[in-house]
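*Asks:* Got a predicted structure here, sequence first:
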Amino acid sequence: MEQSHLASDALSAAIVAEARAWIGTPYRHQASLKGIGCDCLGLLRGVWRDVLGPEPETPPPYSASWAESAPERADPLVAAARRHLVPVADDPSASETQPGDVLLFAFRAHLPAKHCAIATGAGTMIHAHDGAAVAEVALSPWWRRHRVAAFRFPGVLPWPR
């Protein structure tokens, strides 16, 4: 395996390990402090900081119901992901995701993506959601149906290697 693939594998492993270090962090809207509180975006931001360094941008304040009132065709979560992450595939049902990938979900077909998680393996992810602590859960059929995009952190190469 060549050097860049080794570095990519190490980066994927570091992303998953850091996401797992957040397990048990209580849900707190707009927070991003390991062990103290975070929402789904705060988890992603915290993993970025701990693995890659300073965040590339600070998100603006957002309400818990921001996606329900977003203008038609506005998708700020996907737009931010496109600015800072690498798209995995245009087909959200593709099985190309790998550990460390960022998964985006929309809860209704006509609404923008409102939730994000980090894939940890074949069929598992780590996420934060209202009313619960950060947890590693199965990527169940429900989650698979609501997935609208997948992205990779910069520096992570796709499989197979």
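*Replies:* Good, I have the coordinates. Residues are numbered from 1 along each chain as shown.

*Asks:* List the buried residues of the longest helix along the chain.
*Replies:* Counting by DSSP state H, the longest helix found in the chain is helix 3-21. Neighbour counts over helix 3-21 (16 or more other C-beta atoms under 10 Å) mark 8-9, 11-12, 14-16, 18-19, 21 as buried. C-beta: built from backbone N, CA, C; applies to glycine.

*Asks:* Which of these sits closest to Ala80?
*Replies:* Looking at the buried residues of helix 3-21 and their distance to Ala80, the nearest is Ile15, at 17.5 Å (C-beta to C-beta).

*Asks:* Give me the buried positions along stretch 82-91.
*Replies:* For stretch 82-91, the neighbour count (16+ other C-beta under 10 Å) marks 85-86, 88 as buried.

*Asks:* Switch these over to a markdown table; also include pLDDT, secondary structure and distance to Pro60.
*Replies:* A markdown table is the format used below for the buried residues of stretch 82-91 (pLDDT from 0 to 100; DSSP: H, G, I helix; E, B strand; the rest coil; distance: C-beta to C-beta, whole Å):
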| residue | pLDDT | secondary structure | distance to Pro60 |
| --- | --- | --- | --- |
| Leu85 | 96 | coil | 18 |
| Val86 | 94 | strand | 23 |
| Val88 | 89 | coil | 26 |
